[in-house]
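Novice: Fold the following and give me the result.
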Amino acid sequence: MNDLAPLLTPEGRALLDEVRDTDPAQELAVATRLRREHPAELVSAALGQARLRQRAAAKFGERDAARMFFTPNGVEQSTRASVAAYRAERFRELGVTSVADLCCGIGGDAIALARAGIRVLAVDRDPLTAAAARANADALGLAGLIEVREADVTEVDTAGYDAVFVDPARRGGRGRIFDPEAYSPPLSWAVGAARTAPRAAALKVAPGIPHEAVPSDAEAEWISDGGDVKEAVLWFGTGRESPVRATLLPGPHTLSSRGLPDPAVRPPGRYLYEPDGAVIRSHLVAEVAEQLDGGLIDPTIAYVTADEHRPTPYATAYEITDRLPFNVKKLKALLRERGVGALTVKKRGSAVEPEELRRKVLPKPTGSGSVTVFLTRVDGAPTMLLGHPVR
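Specialist: Have a look, this model is predicted:
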């Protein structure tokens, strides 16, 4: 069903409540029963929406997801609620009171902005997506702060708003789009729109955006949530204390560039630090290494080594117990000798696939011990580092 209207009727809402917790394995039986009393298309739409709400709970939380309306693309492409809330708070701290949210999708960012007390114009050209955004604003009691408009964002006048937020489509018929000028709308258009905003602007881009593609007057921020890199954002009008930031959620913990040179290369010490993905993407490994009084194990590998343990939100610490040249037989013998039954394999700078190595060295796990193996390079040489996370 390409129309949300039937689900917004009293019958549709009652049906949504009835199928809310439907087990996917029981869908056919539930659908057969409900079709005796309701139109088949409405039943299918309600069950489809229930599935989308269950998937969306990881992004929006169970309470909000159970009341919201989604499209399949909307679930996949919408901003995680924690990231949207962080961005909305940053807008609020910049003194923004109104935002034109262009390419708003199902309204995830608009919701966060409205909850921060910011008035929002939410624009999307897809009729079903705009309808979902409108329904979500109403369902969450935010319709007074969110105006949803179905339109081409390139034709919308944003002059009456303090700030602009643009989330261009980065997927096409063949999957992800890596060329920023192939976004819809293109990054160059979004940058132009950002520069006209009276107070501030933010453009959501893929975390893999090349640093050289970042405009010279923008601040680039890479954001991770729970250790997973979620997005990069180009900010305009922030005052730019630093041209590059890495922000880790929950927290937030924000690390800013200080233009440090690459860390020195040194032999592995007692501790190995694995920087958060946002730190690596933002090229701020040097800032973390300085905090840790550490260096790199290889000039091309983003692992930091140090002799002391210094807790930091920007990297996960491991205590290293062994350093071996890459050798599958030696690793297998060592794991057997130590009774290892749980093996975590991480790699950086190695062509070996972790699952393949795990099958070779631990085909039938029986031991009670655990270990983390890093497949990497130490000053150019293929190396295995064994250790344990520091709790």
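Novice: If you rank every helix and strand of this structure by mean pLDDT, what lands last?
Specialist: strand 171-172 (a mean of 70; mean pLDDT, DSSP states H and E).
Novice: State the next helix or strand along the chain beyond it.
Specialist: Next along the chain after strand 171-172, taking DSSP states H and E as the criterion, comes strand 175-176.
Novice: hey, where'd the strands end up in the stretch 51-200 of the chain?
Specialist: For the stretch 51-200 of the chain, the strands defined by DSSP state E, counting those that start in this stretch occupy 98-102, 119-124, 146-150, 163-166, 171-172, 175-176, 200-205.
Novice: quick one: which of those strands is nearest R20?
Specialist: Minimum separation from R20 across those (Cβ to Cβ) falls at strand 146-150, 24.4 Å. The C-beta positions use only the backbone N, C-alpha and C, and glycine is treated the same way.
Novice: Could you spell out the sheet neighbours of the closest one, each with its direction?
Specialist: strand 119-124 (parallel) (DSSP bridges).
Novice: where in the stretch 101-250 of the chain is pLDDT low?
Specialist: Along the stretch 101-250 of the chain, segments meeting pLDDT under 70 span 172-174.
Novice: Using CSV, lay out the strands of the stretch 51-200 of the chain together with mean neighbour count.
Specialist: CSV is the format used below for those (neighbours: other Cβ atoms under 10 Å):
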stretch, mean neighbour count
strand 98-102, 26
strand 119-124, 25
strand 146-150, 19
strand 163-166, 28
strand 171-172, 12
strand 175-176, 8
strand 200-205, 25
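Novice: what's the closest of these to R80?
Specialist: strand 200-205 (11.7 Å).
Novice: so H309 touches A317, yeah?
Specialist: Yes: if you go by Cβ atoms under 8 Å, H309 and A317 touch, sitting 5.8 Å apart.
Novice: which residues touch the spatially most central residue of the chain?
Specialist: Geometric centre of the chain, nearest residue: K230, 1.7 Å, by Cα atoms, centre = their mean. If you count contacts by Cβ atoms under 8 Å, 6 or more residues apart in numbering, K230 has them with T79, R80, V83, P207, I223, S224.
Novice: again, 6 Å this time
Specialist: The contact partners of K230, taken as Cβ atoms under 6 Å, 6 or more residues apart in numbering, are R80, V83, I223.
Novice: Quick one: name whatever helix or strand follows the helix or strand harbouring L234.
Specialist: In the assignment (DSSP H and E), L234 maps to strand 228-236. Next helix or strand after strand 228-236 toward the C-terminus (DSSP H and E): strand 244-249.
Novice: Tell me which other helices or strands that following strand touches.
Specialist: Judged by 3 or more Cβ pairs under 6 Å, 6 or more residues apart in numbering; DSSP states H and E, strand 244-249 is in contact with strand 219-225, strand 253-256, helix 277-281.
Novice: now those as a markdown table including mean neighbour count and distance to A25?
Specialist: Shown next, in a markdown table, are the helices and strands packed on strand 244-249 (neighbours: other Cβ atoms under 10 Å; distance: least, Cβ to Cβ, whole Å):
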| stretch | mean neighbour count | distance to A25 |
| --- | --- | --- |
| strand 219-225 | 24 | 31 |
| strand 253-256 | 18 | 41 |
| helix 277-281 | 23 | 35 |
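Novice: Including distance to V361, could the ones you listed go into a markdown table?
Specialist: Shown next, in a markdown table, are the helices and strands packed on strand 244-249 (distance: least, Cβ to Cβ, whole Å):
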| stretch | distance to V361 |
| --- | --- |
| strand 219-225 | 30 |
| strand 253-256 | 36 |
| helix 277-281 | 26 |
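Novice: Relative to L140, which of the strands of the stretch 51-200 of the chain is closest?
Specialist: strand 146-150 (9.1 Å).
Novice: sorry, back to before: of all the helices and strands packed on strand 244-249, which one comes closest to D138?
Specialist: The nearest among the helices and strands packed on strand 244-249, by Cβ to Cβ, is strand 219-225 at 27.3 Å.
Novice: Which residues does the closest one contact?
Specialist: Residues outside strand 219-225 that contact it (Cβ under 6 Å, 6+ apart) are 80, 82-83, 207, 214, 230-235, 238, 240, 243-249, 276-278, 281-282.
Novice: which secondary structure elements does the longest helix anywhere in the chain contact?
Specialist: Assignment by DSSP state H gives helix 40-60 as the longest helix of the chain. The contact analysis (3+ Cβ pairs under 6 Å, 6+ apart) places helix 40-60 against helix 10-19, helix 27-34, helix 62-65, helix 72-77.
Novice: Could I get the CA-only coordinates of the second one as CSV?
Specialist: To tie it back to what came earlier, the one meant is helix 27-34. C-alpha atoms of helix 27-34 as CSV (Å, rounded to 0.1, in the frame of the first residue of the first chain):
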residue,chain,number,x,y,z
GLU,A,27,2.1,-13.5,10.3
LEU,A,28,0.3,-15.8,7.8
ALA,A,29,-2.1,-17.1,10.5
VAL,A,30,-2.7,-13.6,11.8
ALA,A,31,-3.3,-12.2,8.4
THR,A,32,-5.8,-15.0,7.5
ARG,A,33,-7.8,-14.3,10.7
LEU,A,34,-7.9,-10.5,10.3
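Novice: counting contacts, what elements does that helix pack onto?
Specialist: Looks like helix 27-34 contacts helix 40-60 (3+ Cβ pairs under 6 Å, 6+ apart).
Novice: Could you give me the buried positions within the helix it packs on?
Specialist: 42-54, 56, 59-60 (16 or more other Cβ atoms under 10 Å).
Novice: and what of stretch 311-330?
Specialist: T312, Y314, A315, T316, A317, Y318, I320, F326.
Novice: Then stretch 150-160?
Specialist: For stretch 150-160, by 16+ other Cβ under 10 Å, it's V153, V156, T158.
Novice: In terms of distance to G339, which of these ranks first?
Specialist: Distances from G339 to those, taken by Cβ to Cβ, are shortest for V153, at 59.9 Å.
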